[in-house]
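> Provided below are the primary sequence and the corresponding predicted coordinates.
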Amino acid sequence: MRFADPVVLLLLLLPAGYALYLWRSRRRMPPEQLALPAFHFLEQEPASGRARWQPLLIALRLLAVVLLVLALARPQTPREVREIRLRSRNIMLALDISSSMKAGDFQPGNRLAVARRVLAQFIQLRQGDLVGLVLFAGRAFLQAPLTPDVALLQKILEGVDIGLLPDGTAIGTALALSMGQLKDLPVKASTIVLITDGANNTGRPTPLVAAEAARSLGIRIQAIGLSTLDTSSVALNGVWRVGNTAARLTGRDEAALLRMAERTGGRYYRATDAAVLDGIMKQIDQAERVEVRVGEIRDYRELYPYLLAPALLLLLLELGLGLTWLRTLP
């Protein structure tokens, strides 16, 4: 049940204050009285039945006022409730924007440019889903909270670039910030997609501690590591090669990402070029969506007549008793 106009309930303070005033002044003498000889012999006489029932008039009046105020607040109860079944997901994207994402081993552009393009395509398919974006380097920042507005999120993604945050790789902090957006939503439909090309080297908590927190909440982490098969050298003009121009995920780095993802029921993917990254995002896109049942109230039934009618009856009863059996002289 709900009240359509709950502010009206403040009027209940009036009958409550009046009742308190009557209770505190029950033994107080009236300010003006007619002086008559004292009849002490009448003090021992019991009060008549009508005198004992005199407070009933006040009680009827106060109860009627309370019922009238409740009726004015318009109590309502759901009349028609329909169950809606939705198949949607809540996805937080955690994107690495550290300086190592400048590496040009992913073409065209660099690692960040390719990641932006693939994520934009992924977001475009998220009709009906809630998607958010966390950027991280030496610190993590919530760039976009969970939203169904995919067009807005794509526009935000276009402005993402390296240098927005101090350099570093705070994976654990990014995961914790992403979990903060998902913790109050259905956990079976909640996922964090982590895209990075390095190992955690700053921030709190550590990635494994964050993964344990995600596991306890039931949130899956899908980890994607960006690293070509061989970044020890790149070709110049098809002939000359220069070495060590791009950072590469080590076996230890990938093992940490694998352990973190598997601990939460997710998977670790290695993206070696733009095509592989696009395929990975399609695999995540094809993951089964969880069916969520939502009860939608379409109409309410008004209950005020059930309060208004008794209130009027109580007022009529109070008036009738005051004019007949419980009448008093002015």
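Arrived safely.
> quick one: secondary structure of residue 176?
What DSSP: H, G, I helix; E, B strand; the rest coil gives for residue 176 is helix.
> ok, it - contacts?
By C-beta atoms under 8 Å, 6 or more residues apart in numbering, the contact set of residue 176 is 140, 205, 210, 213. In short, each C-beta sits where N, CA and C put it, glycine included.
> let's see 6 Å
Applying C-beta atoms under 6 Å, 6 or more residues apart in numbering to residue 176 gives the contacts residue 210.
> Retrieve the pLDDT associated with it.
With respect to pLDDT, residue 176 scores 95.
> So the chain: which segments form each domain?
For the chain, automatic domain parsing gives the domain ranges 1-13+50-74+303-330, 85-234+245-293.
> Okay, now the unreliable bits of the stretch 201-330 of the chain?
229-247, 287-298, 328-330 (pLDDT under 70).
> list the buried ones in stretch 139-155?
Of the residues in stretch 139-155, 139-140, 142-144, 146, 150, 153-154 count as buried by neighbour count, 16 or more other C-beta atoms under 10 Å.
> hang on, I meant stretch 58-73
60-71, 73.
> returning to that earlier point: which member of the buried residues of stretch 139-155 is positioned nearest residue 166?
Each of the buried residues of stretch 139-155 was scored against residue 166 by C-beta to C-beta, and residue 139 proved nearest at 6.0 Å.
> Relative to residue 75, how far out is that closest one?
Per C-beta to C-beta, to the nearest Å, residue 139 is found 50 Å from residue 75.
> just residue 121 next, same as before
From residue 121 to residue 75 the distance is 51 Å (C-beta to C-beta).
> quick one on the thing from earlier: any chance of a markdown table for the domains of the chain, columns distance to residue 21?
Output for the domains of the chain, formatted as a markdown table (distance: least, C-beta to C-beta, whole Å):
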| stretch | distance to residue 21 |
| --- | --- |
| domain 1-13+50-74+303-330 | 11 |
| domain 85-234+245-293 | 46 |
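> Give me whichever of these is most buried.
domain 85-234+245-293 (a mean of 19; mean count of other C-beta atoms under 10 Å).
> Let's see stretch 3-14 as PDB, backbone CA atoms only.
Output in PDB follows, covering the C-alpha atoms of stretch 3-14 (Å, rounded to 0.1, in the frame of the first residue of the first chain):
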ATOM      1  CA  PHE A   3      -0.200   7.100  -0.100                       C
ATOM      2  CA  ALA A   4      -0.600   9.200  -3.200                       C
ATOM      3  CA  ASP A   5      -0.300  12.500  -1.200                       C
ATOM      4  CA  PRO A   6       1.900  11.600   1.800                       C
ATOM      5  CA  VAL A   7       2.500  15.200   2.700                       C
ATOM      6  CA  VAL A   8      -1.100  15.400   3.900                       C
ATOM      7  CA  LEU A   9      -0.200  13.100   6.700                       C
ATOM      8  CA  LEU A  10       1.500  16.000   8.500                       C
ATOM      9  CA  LEU A  11      -2.000  17.100   9.400                       C
ATOM     10  CA  LEU A  12      -2.100  14.200  11.900                       C
ATOM     11  CA  LEU A  13       0.000  16.500  14.200                       C
ATOM     12  CA  LEU A  14      -3.200  18.600  14.800                       C
END
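> Can you give the contact residues for that stretch?
Identification of contacts with stretch 3-14 by C-beta under 6 Å, 6+ apart yields 69, 72-76.
> go with 10 Å
Residues from elsewhere that reach stretch 3-14 (C-beta atoms under 10 Å, 6 or more residues apart in numbering): 62, 65-66, 68-76, 300, 302-304.
> what do you get for stretch 313-322?
50, 53-54, 56-68, 326-328.
> 8 Å instead, please
For stretch 313-322, contacts defined as C-beta under 8 Å, 6+ apart pick out 56-57, 60-61, 63-64, 67, 328.
> and which of those residues is nearest residue 311?
In terms of C-beta to C-beta, no member of the contacts of stretch 313-322 lies closer to residue 311 than residue 67, at 3.7 Å.
> Now do the SS call for that closest one.
Assignment for residue 67 (three-state DSSP): helix.
> Quick one: residues contacting it.
Neighbouring residues of residue 67 by C-beta under 8 Å, 6+ apart: 307-308, 310-311, 314.
> switch to 6 Å and redo it
Contacts of residue 67 by C-beta under 6 Å, 6+ apart are 307, 310-311.
> In helices, which of these appear?
307, 310-311 (DSSP state H).
> export those to CSV and tack on distance to residue 180?
Formatted as CSV, the ones in helices among the contacts of residue 67 follow (distance: C-beta to C-beta, whole Å):
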residue, distance to residue 180
307, 44
310, 50
311, 49
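> Return the member of the residues you listed nearest to residue 259.
Nearest to residue 259 out of the ones in helices among the contacts of residue 67 is residue 307 (C-beta to C-beta; 62.2 Å).
> Name the nearest residue to the closest one, ignoring sequence neighbours.
Leaving aside its sequence neighbours, residue 307 sits nearest to residue 71 (C-beta to C-beta, 6 or more residues apart in numbering; 4.1 Å).
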